[in-house]
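>>> Quick one: sequence and predicted model below, then my questions.
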Amino acid sequence: MTITLNTLSTAIARAHAAMSTLTDELNAADAKLGDGDTGTMLARLIATFHSVDVADAPDLGAGFLALAKAGAASTGSSLGTLIITAMMTASKATAGKNEIAWRELAPIIAAIRDSAMARGKAELGAKTIVDGLDALAKGVEGNTTAAETADAAQQAMDAVLDAFRDRPSAMGRARMFAEKSVGLDDPGMLALAEIVRAVASADHHGNSPAA
Amino acid sequence: MTITLNTLSTAIARAHAAMSTLTDELNAADAKLGDGDTGTMLARLIATFHSVDVADAPDLGAGFLALAKAGAASTGSSLGTLIITAMMTASKATAGKNEIAWRELAPIIAAIRDSAMARGKAELGAKTIVDGLDALAKGVEGNTTAAETADAAQQAMDAVLDAFRDRPSAMGRARMFAEKSVGLDDPGMLALAEIVRAVASADHHGNSPAA
Amino acid sequence: MKKLINDPANYVEEMLDGLCMAHPGLTRVGGDKRAIARTQGMRKGKVGVVSGGGSGHLPLFTGYVGEGLLDACAIGNVFEGPTINSCQDAIAAANGGAGVLCLFGNYGGDKMNFEMASEFAAMDDVQTRTVLGTDDIASAKPEEAEKRRGVAGLIFAYKTAGAMAATGAELETVATIAQKTVDRTRTIGVATSSCQIPGAAGPNFEIGDDEIEMGMGIHGEPGIWRKQLRPADALVDEMIEMLLAERPDDTRRVSVLVNSLGSTPFEELFILYRRAAEKLDAAGLTIVRPLIGPYVTSMEMGGASISLCFLDEEIESLLGAPASCPFWTVE
Amino acid sequence: MKKLINDPANYVEEMLDGLCMAHPGLTRVGGDKRAIARTQGMRKGKVGVVSGGGSGHLPLFTGYVGEGLLDACAIGNVFEGPTINSCQDAIAAANGGAGVLCLFGNYGGDKMNFEMASEFAAMDDVQTRTVLGTDDIASAKPEEAEKRRGVAGLIFAYKTAGAMAATGAELETVATIAQKTVDRTRTIGVATSSCQIPGAAGPNFEIGDDEIEMGMGIHGEPGIWRKQLRPADALVDEMIEMLLAERPDDTRRVSVLVNSLGSTPFEELFILYRRAAEKLDAAGLTIVRPLIGPYVTSMEMGGASISLCFLDEEIESLLGAPASCPFWTVE
Ligand SMILES: Nc1ncnc2c1ncn2[C@@H]1O[C@H](COP(=O)(O)OP(=O)(O)O)[C@@H](O)[C@H]1O
Ligand SMILES: Nc1ncnc2c1ncn2[C@@H]1O[C@H](COP(=O)(O)OP(=O)(O)O)[C@@H](O)[C@H]1O
Ligand SMILES: [Mg+2]
Ligand SMILES: [Mg+2]
Ligand SMILES: [Mg+2]
Ligand SMILES: [Mg+2]
């Protein structure tokens, strides 16, 4: 059981389906201190991903690159650009490969975290999606199956949201309201958690997407 | 018992006092088909008149001229300009006189009606203040005392409002809504009627302003 | 409606002060300083062009005082005509000895006041002519076009009359081009939301949450119909159709003004303009010098108007002549 | 909030089409045509000046493409940054072989996208420099001024950078004047009412019937305080005080922008300007080239911002250099 273009394609389909309910929730989270568009932006980006025929890409690296390219033409928000950066990082890490083992996922997510930090200049602990990626990378480390990974990923995301909720934001639009941000989830971190839940929960219930 | 500068001064004071309740009523009447400012405009114009020291003018003609001049600097609405035209007409008719008999009032109002028609180009029957002036001139004709004149004036105004209410407007802003204007009082005619009532009702109750 | 103002009683005074402070080319003149004139004064021998009207319509009226446009302007309170005295002051300021054109919207009060002011001017041997803006096609049938009120399209006549006066033409010629421009200009507006006179208890008129009114006047005077909001393209189609129903058949060139009544943003004006340009093109008309923006407003009123000025060679060349005022520059 | 639009999905497309139809000096370029460039093309050897940002702020950003101002501009959806691709398209359009200055507001997404686009440009041997607008004093303390977001004051840097580039100066020099202008420009805004993103279910934010918010961002980001509406003069006094708290002590000359956030009419801007000018005068500052109008908006958002650009000789002379775009002409 490995990660293939089909895994990727199924994950996108699930995320896409989940956006129908997530859009408003994420917009509302962003509206508290930001401009209220996290959900709308993410919905459009994921719809763009969904319209890309990843399953037919020559390999995983090409699949991720196709997503990055499509995304680069479709979004201009900070979170969107971080996600595109993530796709480019994943593309480099999987160049020429048709499959990777589940245990290879953690180092890729760690690399994504690092590239997001380089791009967005956020430190760890600033309460952004970067902290979510960090927790996710650490959480899925060592897991070897889709179900195990799904479990670990969800737990990691729940834990990181809990851990950061009562801390102040130190980045982006929310920075200037550090105090007001205490008690609120960071919209980007929340978005990652919700997407992970949407993608992983099916696996967790034994409904593996692996080819 | 004649009309003197004191009569004029008292009439202005009464009109001024009445505007506190009339302003909204006249605005509302104008708002139906016009721009809703008849009351506000008239209130300002009468306040300006009220601030003029007419009682100290050398004669009636000078008193009316002082009102016209003050008004010319204070209003820009069509009704306001007609009223200023009226003051100028009255000034000419009373030039050099310290008093006029009550029976001289009717021809002065008739002259005012004619100058308003010349200035505003409204025909008789178009449902404007001109018809009000026409009715007023005819109504007060032949009366020789303040009380008689007051009575006749009020009756004439009630009658002309009734007579025109269900006719269409053929002038000004209301012209284009001739049909909609059926059933509505013309704001300028209504304003004249209400001012006449305010000035005259005290006389009617035997509280003559005559010096 | 929230306004960033002080005491409503000082609204016009403070606004005019700010206008003249920001634009030193404009100066308040006259007894109560309710006329705006060019600071550099009147060129001797040039015909003066003056206008006037109520406050609350900026850039109209006072904003169009400038080189190649108005020489002076009388200004009233919000939505009220200027006083007779202010009209006299504006005429006096624009008197360069060659006569003065009074060019303003066809509203009863303004007409009477300028008429009285012109009579006073005549006593001082200042010759005047009057031309009335009558572009609002919603306000009377074509047969009674002279009864129409003046709205945004008036600025086309400002431009041609101002340019003609700048050439040194005489009063009769300046009046003639102004009248021709008015005769060849038509406007129709659509309102989406009301405005409020400073100090008034409520909005100037009420309009339902998803209603709009076609043909509403710039003071909220009732229009042609009031219906549900519909797509911009459908509205523009209807507006252009009405405007073209009175199209003169002697020209294929037209200038267009897509004007915000106040709060309607530039983005929407361009969406409206896009469709208007398509429709005019389809009707075989070539657009010259389109104007898109807030040129004639009613404070924060929502909505837009479309004006067409059907060109001939003379009008087109005068529209293109150099002009400069705080809100309109032609190079 | 009623809008005169068609399908919200086509809002930006139709708006850009209309903009370019009305102003033939502007052309849509790039893969998805989400960059605006000057139709006459890029002068060889001139440094390009590009900007970019979300839609809904007209005249910002695209409206400032023109002679002596921007050469090209990337444009995103409403209140969303331009895509990486659009940034690349704008940079490519402004490439005259002498490098390109990317001059835009300090927003995370825009920064990242221009950064990625600049990396791509470097691969094509196009040298870029980035200067960020950081004028909004409400968005961070003076000690963290580099973290401030960019709002209306950005246009002062457009003007100086554009004028400097027009002289044939090299990239480093153009970037330096842009940065100096940004460093000497501060803005504070006050919002009275919300705007609504086309297609959104409701307004972008809620604000009470008699509340206003000082320092609110142009997308509705929370500000410094939210309180009862108060007289304009009191508001201006507070705003000017905040702006002057960071006044550099090397100049007595300042340019001022009193900007409508959208639906606040000219009349109110002049009332605000009047007081601002009095306060600046009292502070010993001389106002040069004031700008009053809707220069940077948020569609129909209500409110106004005041920007001060503290001049030195170089900035003052560049602000006065000839420039011409659809919304700003300097002769
Ligand atoms: N520079 C950054 N570094 C890391 N994460 C960021 C950065 N900027 C934004 N984010 C993440 O993106 C989220 C906001 O996303 P979104 O609302 O789509 O962007 P925008 O702020 O452009 O409207 C934040 O909650 C945060 O998690
Ligand atoms: N040309 C005219 N001739 C006669 N009466 C007129 C004329 N124009 C206006 N009026 C009168 O004035 C009234 C409207 O007054 P007002 O609301 O103060 O003026 P405006 O129409 O300038 O707002 C009308 O009801 C009518 O009686
Ligand atoms: Mg956001
Ligand atoms: Mg009225
Ligand atoms: Mg009126
Ligand atoms: Mg955003």
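Received, thanks. Ligands and ions are numbered 1, 2, ... in the order given.

>>> Give me the buried positions along the one helix or strand in chain C whose mean pLDDT sits lowest.
Across the helices and strands of chain C, mean pLDDT, DSSP states H and E gives its lowest value to helix C:108-123, namely a mean of 92. Of the residues in helix C:108-123, those with enough neighbours to count as buried (16 or more other Cβ atoms under 10 Å in any protein chain shown) are C:108-118, C:120-121. Heads up, the C-betas are built off the backbone N, CA and C, glycines and all.

>>> for stretch C:284-293, same thing?
C:285, C:287, C:289-293.

>>> quick one on the thing from earlier: does at least one residue of the least confident helix or strand of chain C sit close to ligand 5?
No. Under the criterion of Cβ under 5 Å from the ion, ligand 5 is not reached by helix C:108-123; the shortest gap measures 6.3 Å.

>>> wait, what's in contact with the residue of chain C found nearest ligand 6?
Closest residue of chain C to ligand 6, Cβ to the ion: C:Glu267 (17.4 Å). For C:Glu267, the contact set (Cβ atoms under 8 Å, 6 or more residues apart in numbering or on different chains) comprises D:11, D:15, D:55-56, D:58, D:299.

>>> Relative to ligand 4, how far out is A:Val54?
According to Cβ to the ion, to the nearest Å, A:Val54 stands 68 Å off from ligand 4.

>>> so how far is A:Gly96 from the closest residue to that residue other than its chain neighbours?
Distances taken as Cβ to Cβ, 6 or more residues apart in numbering or on different chains place A:Gly63 nearest to A:Val54, at 4.3 Å, with adjacent residues excluded. Distance of A:Gly63 to A:Gly96, given as Cβ to Cβ, to the nearest Å: 12 Å.

>>> Report how many residues lie close to the residue in the stretch 201-331 of chain C positioned nearest to chain B.
At 4.3 Å from chain B, C:His219 is the closest residue in the stretch 201-331 of chain C, using Cβ to the nearest Cβ. Burial of C:His219 is recorded as 25 neighbouring residues (other Cβ atoms under 10 Å in any protein chain shown).

>>> next one: C:Ile315
26.

>>> element containing it, please.
helix C:313-319 (DSSP states H and E).

>>> returning to that earlier point: export the contacts of C:Glu267 to TSV and tack on pLDDT and distance to ligand 3?
Below are the contacts of C:Glu267 laid out as TSV (pLDDT from 0 to 100; distance: Cβ to the ion, whole Å):
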residue	pLDDT	distance to ligand 3
D:Tyr11	98	19
D:Met15	98	21
D:Ser55	97	15
D:Gly56	98	14
D:Leu58	98	21
D:Met299	98	17
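
>>> To which secondary structure element type does the closest residue to chain A within chain C belong?
Residue of chain C nearest chain A, by Cβ to the nearest Cβ: C:Glu267 (17.0 Å). When classified by DSSP: H, G, I helix; E, B strand; the rest coil, C:Glu267 comes out as helix.

>>> Quickly note the distance from A:Met117 to A:Thr85.
Distance from A:Met117 to A:Thr85, counting by Cβ to Cβ: 10 Å.

>>> how close does the residue of the stretch 201-331 of chain C found nearest ligand 3 get to ligand 4?
Scanning the stretch 201-331 of chain C for the residue nearest ligand 3 gives C:Glu267, at 20.2 Å (criterion: Cβ to the ion). For C:Glu267, the distance to ligand 4 equals 34 Å [Cβ to the ion].

>>> And for C:Glu13?
For C:Glu13, the distance to ligand 4 equals 22 Å [Cβ to the ion].

>>> now do A:Asp151
75 Å.

>>> returning to that earlier point: could you pull up the mean pLDDT of the very next helix or strand once past the helix holding C:Ile315?
Next in sequence after helix C:313-319, counting helices and strands by DSSP H and E, comes strand C:323-325. For strand C:323-325, mean pLDDT is 97.

>>> likewise stretch A:105-122?
On average, the pLDDT along stretch A:105-122 is 96.

>>> Checking the longest helix along chain A against chain D, do any of its residues make contact.
Counting by DSSP state H, the longest helix found in chain A is helix A:5-31. Yes. Counting by Cβ under 8 Å from any Cβ of the partner chain, contacts between helix A:5-31 and chain D involve A:Ala31.

>>> which stretches of the chain form helices?
All of this refers to chain A. Using DSSP H, helices in chain A cover A:5-31, A:38-51, A:60-72, A:78-93, A:105-120, A:129-140, A:146-165, A:178-181, A:187-204.

>>> To clarify, I was referring to chain C.
All helices of chain C, identified by DSSP H, fall at C:11-22, C:84-93, C:108-123, C:154-166, C:171-183, C:232-244, C:266-282, C:313-319.

>>> For D:Ala161, find the nearest of those helices.
Shortest separation from D:Ala161 across the helices of chain C is recorded for helix C:266-282, at 23.1 Å, computed as Cβ to Cβ.

>>> residues of the closest one that come out buried?
By neighbour count with 16+ other Cβ under 10 Å, helix C:266-282 contains the buried residues C:266-280.

>>> and chain C, which residues reach ligand 2?
Proximity of chain C to ligand 2 (Cβ under 6 Å from any ligand atom) is limited to residues C:108-109.

>>> can you tell me if stretch A:66-81 touches ligand 3.
No. Stretch A:66-81 lies out of reach of ligand 3 by Cβ under 5 Å from the ion, never closer than 6.1 Å.

>>> thinking again about what came up before, looking at A:Met117 and A:Thr85 now, which is surrounded by more residues?
A:Thr85 (23 against 19).

>>> can you pull the pLDDT of that one?
Looking at A:Thr85, its pLDDT is 94.

>>> repeat for A:His205
Confidence at A:His205, expressed as pLDDT, is 50.

>>> from what I can see C:Val258 touches C:Arg275, true?
No. C:Val258 lies out of contact with C:Arg275 (Cβ atoms under 8 Å); the separation is 9.9 Å.

>>> end-to-end on stretch C:211-219?
This stretch, stretch C:211-219, spans 17 Å end to end (Cα to Cα, to the nearest Å).
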